[in-house]
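Visitor: after the sequence you'll find the predicted model.
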Amino acid sequence: MAHAVSVQARGLTLAHGERVLQRNLDFDVRQGEVLAITGTSGCGKSTLLRHLVGLQAPAAGQVLHDGVDLQAADGPTLSRLRRRMGVSLQSGALWSSLSVGENLMLPLELLSDLDAAQRQARARSLLERVGLADSFDREPAALSGGMRKRAAIARSLVLQPAVLFLDEPSAGLDPVASAQLDALIDSLRRELDTAVVMVTHELASLFALADRMLFLDVQAGTMTALGAPAVLMHEGPGPVREFLGRQGRTPVRSSPASPLQPDSLTWRAEVVRP
Ligand SMILES: Nc1ncnc2c1ncn2[C@@H]1O[C@H](COP(=O)(O)OP(=O)(O)OP(=O)(O)O)[C@@H](O)[C@H]1O
Ligand SMILES: [Mg+2]
């Protein structure tokens, strides 16, 4: 079955200077899906996210949004594509000198045609949606960690993006707050019909939220699996089963890492959502 595609990575190689982190990444983000990017610490998840939103240029290959290569797009096209993306980076904080409401209204002032009353109405409605109706005038420093995460997600949604990119949205939250944030992300993406690309290594979030996950293997230096977590957990390659089998879930015996051949690096378990 063909899926409507929102973002494509084609032969993508990620590097910092001379140091190549990942090679030959090939995958699509389908409209409306939650795609998790996962793998061990330092494998290049955040770097991949920065490439997907055009903050970093690939060493090789392409990232296409709506069929357009970000690196080849002219200024107006790039602006149009940027408006389709909602982004909350791992280090992304709210602007501390602005109130929470102003944090949401500033992107609208810079990038939308809405007037002041409309900007305020949209900011208030999104803050209400994430349970922060009372925090419009508060400073970010006065919020708890979980509230700040929710405010950052609300801010990433102000421009009504087609794709939301989130880097470790629940990092630093306790398990209850983390589960609540997962539920919020899930209901928001259903309501708004937004695709979500989410970096996470939280297994609970992976199983609760992700339609598919891609696994970046630090040793292989490329993506070694792409598929539904529940399928990869049983049928994925050894390192992926080992990764997914932690934390008291169905124990799986990991097979020793076998030498990887360039042509057999990518293992796929494509699962069609009903
Ligand atoms: N701006 C940079 N310049 C040079 N090296 C960098 C830069 N940013 C990250 N790196 C290095 O690239 C590697 C991958 O970093 P990245 O942040 O993408 O990993 P990650 O998978 O997101 O890790 P984590 O799970 O800890 O967030 C790391 O070794 C990191 O030190
Ligand atoms: Mg990271």
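Guide: Arrived safely. Residues are numbered from 1 along each chain as shown. Ligands and ions are numbered 1, 2, ... in the order given.

Visitor: need the residues of the chain near ligand 1, please.
Guide: Neighbours of ligand 1 within the chain, by Cβ under 6 Å from any ligand atom: His16, Leu21, Ser41, Gly42, Cys43, Gly44, Lys45, Ser46, Thr47, Gln90. Where C-beta positions appear, they are placed from N, C-alpha and C, glycine not excepted.

Visitor: want to throw those into TSV with secondary structure and neighbour count?
Guide: Output for the residues of the chain next to ligand 1, formatted as TSV (DSSP: H, G, I helix; E, B strand; the rest coil; neighbours: other Cβ atoms under 10 Å):
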residue	secondary structure	neighbour count
His16	strand	11
Leu21	strand	19
Ser41	coil	7
Gly42	coil	10
Cys43	coil	23
Gly44	coil	22
Lys45	helix	26
Ser46	helix	17
Thr47	helix	19
Gln90	coil	14
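
Visitor: can the helix or strand Asn24 falls within be said to contact ligand 2?
Guide: Assessed by DSSP states H and E, Asn24 sits inside strand 19-30. No: counting by Cβ under 5 Å from the ion, ligand 2 is not contacted by strand 19-30; separation bottoms out at 11.4 Å.

Visitor: taking the mean pLDDT, what do you get for that strand?
Guide: Mean pLDDT, strand 19-30: 96.

Visitor: what is the subsequent helix or strand relative to that strand?
Guide: strand 34-39.

Visitor: within its sheet, name the partner strands of that following strand and how each one runs.
Guide: strand 195-199 (parallel), strand 212-217 (parallel) (DSSP bridges).

Visitor: ok, residues contacting that strand?
Guide: For strand 34-39, the surrounding residues in contact (Cβ atoms under 8 Å, 6 or more residues apart in numbering) are 27, 29, 45, 48-49, 185-186, 189, 195-201, 205-206, 209-218, 229, 243.

Visitor: now do it: distance to the chain's middle.
Guide: 7 Å (Cα atoms, centre = their mean, to the nearest Å).

Visitor: that strand vs ligand 2: in contact?
Guide: No: Strand 34-39 does not reach ligand 2 (Cβ under 5 Å from the ion); its nearest approach is 9.3 Å.
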